[in-house]
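**Q** I'll drop the sequence and a predicted model, then ask my questions.
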Amino acid sequence: MSTWIPDFYPAFRCRAAECLHSCCRGWEIDVDEASAEYYRQLSGPLGDALREALFADAEGWHFRLDGEERCPFLQEDGLCRLIRELGEEALCDICALHPRFFQELGEDELWGLGLSCEAVTALLLEQDALRFVCRETGEERDFSGLLERLGIDLPGELLRYTPKLTEARRRELLRRFRATEPIDQNWPKELDALEAAPLPETAEAADYQRVYEYFFFRQLERLEDLGAEALADYAAAMTDLLVLWDSLEPDAAGHLRRLSEQIEYSTENVERVIRFGMRNSECGIEG
């Protein structure tokens, strides 16, 4: 088995107190069974606080967020009380692993970093091109080379990002993304702003190629079930929306983080975006 990672993976560092969009706010925090048992056995004031914060439902254990949807252990200085008092090894699995994700593809594993994290978006956008490294051998490949190494043969046109900037494409994108479950009340307003904005005249495909590839990469474990065309269409839709957003207000890192937060962390929303495109393809509708 080989494990492939983006070449910037080892450079990731949590921004902790300097993070403007902490993953300790606004996200449900699931607690694995082993961590929950450990927390429930702790003594002292921290143990009391943990037992007060923990609750269980049919899906397992969770931390009860405060009135501002903050983790109860997120301190005012932006640092974690659990890490300060117990060390990083005391974190539950989801907190220890975020924003990492892991996929299995045949005999190989693909490790990545989620783009809802501002530190990750910065790393991706700093790259001139997306490259991957095999952890076992140090072999390096670009995205098409990685696919070749994994035994995936795709037509060249599916590997290249080509912006679509027509009014029809914008209407199709807005219908598609309005069909997703909003992460908060701002998401529909953000889509309304994109509908009202002037269409960009041009976009440099090369500026967004690595983003397109990364959206594609994140869904590769679904290739056998959905097919390459569906995943390429998904990546193109995500990237086209990003192009429209950047033309309204230049902030590639912020828009990329926000788009990932809205779509990639909800299995249902990813499914809606993909299936919408598949239905359009079956009906012969093009953006």
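**A** Alright, I've got the coordinates.
**Q** Now residue 19: closest residue in space that isn't a chain neighbour?
**A** Spatially, and ignoring its direct neighbours in sequence, residue 19 is nearest to residue 118 (6.3 Å; Cβ to Cβ, 6 or more residues apart in numbering). Where C-beta positions appear, they are placed from N, C-alpha and C, glycine not excepted.
**Q** quick one, what contacts the one you found?
**A** When the contact criterion is Cβ atoms under 8 Å, 6 or more residues apart in numbering, the partners of residue 118 are 15, 19-21, 253-254, 257.
**Q** mind giving me the domain ranges of the chain?
**A** As given by automatic domain parsing, the domain ranges for the chain are 3-9+99-149, 24-97, 156-283.
**Q** can you list these in CSV and add mean pLDDT?
**A** Listed next are these as CSV, based on pLDDT from 0 to 100:
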stretch, mean pLDDT
domain 3-9+99-149, 96
domain 24-97, 94
domain 156-283, 94
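**Q** Figure out the helix or strand that residue 36 lives in.
**A** helix 33-41 (DSSP states H and E).
**Q** Give the other helices and strands that that helix contacts.
**A** Packed against helix 33-41 by the contact rule (3 or more Cβ pairs under 8 Å, 6 or more residues apart in numbering; DSSP states H and E) you find helix 44-53, strand 54-57, strand 60-63.
**Q** hmm, 7 Å instead?
**A** strand 54-57 (3 or more Cβ pairs under 7 Å, 6 or more residues apart in numbering; DSSP states H and E).
**Q** gap between the two ends of stretch 62-70?
**A** Stretch 62-70 has an end-to-end distance of 13 Å (Cα to Cα, to the nearest Å).
**Q** How many residues are close by residue 109?
**A** 16 (other Cβ atoms under 10 Å).
**Q** where does residue 13 fall, helix, sheet strand or coil?
**A** Here residue 13 is coil, with the state taken from DSSP: H, G, I helix; E, B strand; the rest coil.
**Q** Tell me who's in contact with it.
**A** residue 119 (Cβ atoms under 7 Å, 6 or more residues apart in numbering).
**Q** from the contacts of residue 118, which is closest to residue 215?
**A** residue 257 (13.3 Å; Cβ to Cβ).
**Q** Is that closest one in a helix, a strand, or coil?
**A** From three-state DSSP, the assignment for residue 257 is helix.
**Q** Hmm, residue 116 and it touching each other?
**A** Yes: assessed by Cβ atoms under 7 Å, residue 257 is found in contact with residue 116 at 5.9 Å.
**Q** Which positions within the helix holding residue 36 qualify as buried?
**A** 35-36, 38-39 (16 or more other Cβ atoms under 10 Å).
**Q** swap in stretch 65-85?
**A** Buried, per 16+ other Cβ under 10 Å, within stretch 65-85: 65, 70-74, 80, 82-83.
**Q** Let's have those in CSV, adding distance to residue 6.
**A** Shown next, in CSV, are the buried residues of stretch 65-85 (distance: Cβ to Cβ, whole Å):
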residue, distance to residue 6
65, 31
70, 30
71, 27
72, 33
73, 30
74, 28
80, 26
82, 28
83, 26
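**Q** Any chance of those in JSON lines with secondary structure as columns?
**A** Formatted as JSON lines, the buried residues of stretch 65-85 follow (three-state DSSP):
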{"residue": "65", "secondary structure": "coil"}
{"residue": "70", "secondary structure": "strand"}
{"residue": "71", "secondary structure": "coil"}
{"residue": "72", "secondary structure": "coil"}
{"residue": "73", "secondary structure": "coil"}
{"residue": "74", "secondary structure": "strand"}
{"residue": "80", "secondary structure": "strand"}
{"residue": "82", "secondary structure": "helix"}
{"residue": "83", "secondary structure": "helix"}
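**Q** Three-state assignment for the closest residue to residue 228 other than its chain neighbours, please.
**A** Nearest in space to residue 228, with sequence neighbours left out and distances taken as Cβ to Cβ, 6+ apart, is residue 154 at 5.0 Å. Here residue 154 takes the coil state, with states given by three-state DSSP.
**Q** Neighbours of residue 154, how many?
**A** Around residue 154 there are 17 residues (other Cβ under 10 Å).
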